[in-house]
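Q: Give me coordinates for this.
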Amino acid sequence: MAGIKIEGAQEIQEALLSLPDKVSKKFMAKALRKGAEPVLAQAKATCPVAKYTARGYSTKKEHRVKNEKGKMVGSYIRVKPGYGRDQLNISTSQRDGETRAIVGTGDAYYLNMQEWGTEKMKPHPFLAKALETKAPEATERIAAELKKNIEAEAFK
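A: Residues are numbered from 1 along each chain as shown. Below is the predicted model of the structure:
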């Protein structure tokens, strides 16, 4: 799992520790979300998308639906190309005393297979590459957002 750690920002860390726990967690979640925005934008730009056909849908994503007896019921499930890209999102969570921001695949579970590959398919790591390319910008945004929020809280 790839991640970014801001180390050496002693003043920010001390300021966060001096704030009430609820406030510091809120500030950290807000800053991490702000820092994840360029990573999300890069991931959306490089996300693999199926090609359109004459009907506007990818034929690879079209499946006939069967009932529990295995009989065809005449319906289709179509996933529009670009659905996975549209499902990419940022979520924040608290676990083990850490605040985390995750650029995730949402409902598009198949993007995990694109990222990591399968037994029959090579990986196309668009999320990892997005993090690698945008890590410096994300780090700067996190630090700037924390500084802004801490200063605003100090002047209340």
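
Q: Quick one: low-confidence residue ranges for this structure.
A: 1-13, 15-17, 19, 50-68, 70-81 (pLDDT under 70).

Q: quick one, longest helix in it?
A: Taking DSSP state H as the criterion, the chain has its longest helix at helix 126-154.

Q: elements contacting it?
A: helix 10-18, helix 21-46, strand 98-104, helix 110-116 (3 or more Cβ pairs under 8 Å, 6 or more residues apart in numbering; DSSP states H and E). (Each C-beta comes from the backbone N, C-alpha and C, glycine too.)

Q: Export those to a markdown table and append columns for mean neighbour count and distance to residue 91.
A: Listed next are these as a markdown table, based on neighbours: other Cβ atoms under 10 Å; distance: least, Cβ to Cβ, whole Å:
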| stretch | mean neighbour count | distance to residue 91 |
| --- | --- | --- |
| helix 10-18 | 13 | 21 |
| helix 21-46 | 18 | 9 |
| strand 98-104 | 17 | 5 |
| helix 110-116 | 16 | 15 |
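
Q: got a markdown table for these, with distance to residue 129 too?
A: Listed next are the helices and strands packed on helix 126-154 as a markdown table, based on distance: least, Cβ to Cβ, whole Å:
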| stretch | distance to residue 129 |
| --- | --- |
| helix 10-18 | 28 |
| helix 21-46 | 6 |
| strand 98-104 | 12 |
| helix 110-116 | 10 |
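
Q: for those, which one sits closest to residue 88?
A: Of all these, it is helix 21-46 that lies closest to residue 88, at 5.5 Å by Cβ to Cβ.

Q: In terms of secondary structure, what does the closest one contact?
A: If contacts are counted by 3+ Cβ pairs under 8 Å, 6+ apart, helix 21-46 sits against helix 10-18, strand 89-95, strand 98-104, helix 126-154.

Q: Which one, of the helices and strands packed on helix 126-154, ends up nearest to residue 85?
A: helix 21-46 (5.3 Å).

Q: quick check: domain ranges of the chain?
A: 10-47+82-154, 50-81 (automatic domain parsing).

Q: Was I right to think residue 126 contacts residue 115?
A: Yes: when contacts are counted by Cβ atoms under 8 Å, residue 126 is listed as touching residue 115 (6.6 Å).

Q: I'd like to know which of the helices and strands packed on helix 21-46 is closest to residue 27.
A: If you check each of the helices and strands packed on helix 21-46 against residue 27 by Cβ to Cβ, helix 126-154 wins as the nearest, at 4.4 Å.
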